[in-house]
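# here's my sequence, what's the structure:
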Amino acid sequence: MKREGAIAFGEIAVDFDRMELRRSGQLIPASVLEFRLLKFFVDNPEYVFSRSDLIRAVWPERKRVNNRSVDNIISRLRRKIEDDPARPAYFRTFYGAGYKFLPSGLRKKRL
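All right, here's what the predicted structure looks like:
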């Protein structure tokens, strides 16, 4: 079995194997799609990805996913992770291009 490991950045800690997201030690509920998108961004930090790129990465088996699906999940992750979701530090929008994940002090731990 392949272990995905755990990561931490800022006040956020994520254990992908246990599907646990914590902010300041408090467990935050998150969906499977939120974990999949977060994992993709953690594996590819500091790159801008279009909505189409993210759809192919997170929903490869689904044919009828639209751009709003990506926007909605990013919005939900911002509310769970960002100090101020209106001025995100981690999930940045690059208008006309897509989204970029900018983790400050990202630490990865492999289990």
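
# from here on, just use CA atoms for contacts and neighbour counts.
OK.

# scan the protein for its longest helix.
For the chain, the helix with the greatest residue count under DSSP state H is helix 67-81.

# helix or strand right after it?
Downstream of helix 67-81, the next assigned helix or strand under DSSP states H and E is strand 91-94.

# low pLDDT regions in this protein?
Applying pLDDT under 70 to the chain flags residues 1-3, 62-64, 105-111.

# and the strands in it?
Remark: strands assigned in the chain by DSSP state E are 6-9, 12-15, 20-23, 26-28, 48-49, 91-94, 98-101, 107-109.

# ok, and what's touching the shortest one?
This points to strand 48-49. 94, 97, 98, 99, 100, 101 (C-alpha atoms under 8 Å, 6 or more residues apart in numbering).

# want to try JSON lines for those, with neighbour count as columns?
Formatted as JSON lines, the contacts of strand 48-49 follow (neighbours: other C-alpha atoms under 10 Å):
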{"residue": "94", "neighbour count": "12"}
{"residue": "97", "neighbour count": "11"}
{"residue": "98", "neighbour count": "17"}
{"residue": "99", "neighbour count": "24"}
{"residue": "100", "neighbour count": "19"}
{"residue": "101", "neighbour count": "22"}
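
# what number of residues lie near the nearest residue to residue 13 once chain neighbours are set aside?
Nearest-residue entry for residue 13: residue 22, 5.1 Å, with adjacent residues in sequence omitted and distances by C-alpha to C-alpha, 6 or more residues apart in numbering. When neighbours are counted by other C-alpha atoms under 10 Å, residue 22 registers 18.

# do the one 4 residues further on as well
The burial metric for residue 26, expressed as a neighbour count using other C-alpha under 10 Å, is 12.

# residues contacting residue 46?
100, 101, 102, 103.

# any chance of these in CSV, plus distance to residue 35?
As requested, these are exported to CSV (distance: C-alpha to C-alpha, whole Å):
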residue, distance to residue 35
100, 16
101, 14
102, 16
103, 16
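
# now the two most distant members of the contacts of strand 48-49.
Greatest spatial distance among these (C-alpha to C-alpha): 97 and 101, at 13.3 Å.

# re earlier: the residue nearest to residue 13 and residue 85: what is the separation?
16 Å (C-alpha to C-alpha, to the nearest Å).

# repeat that for residue 23.
14 Å.
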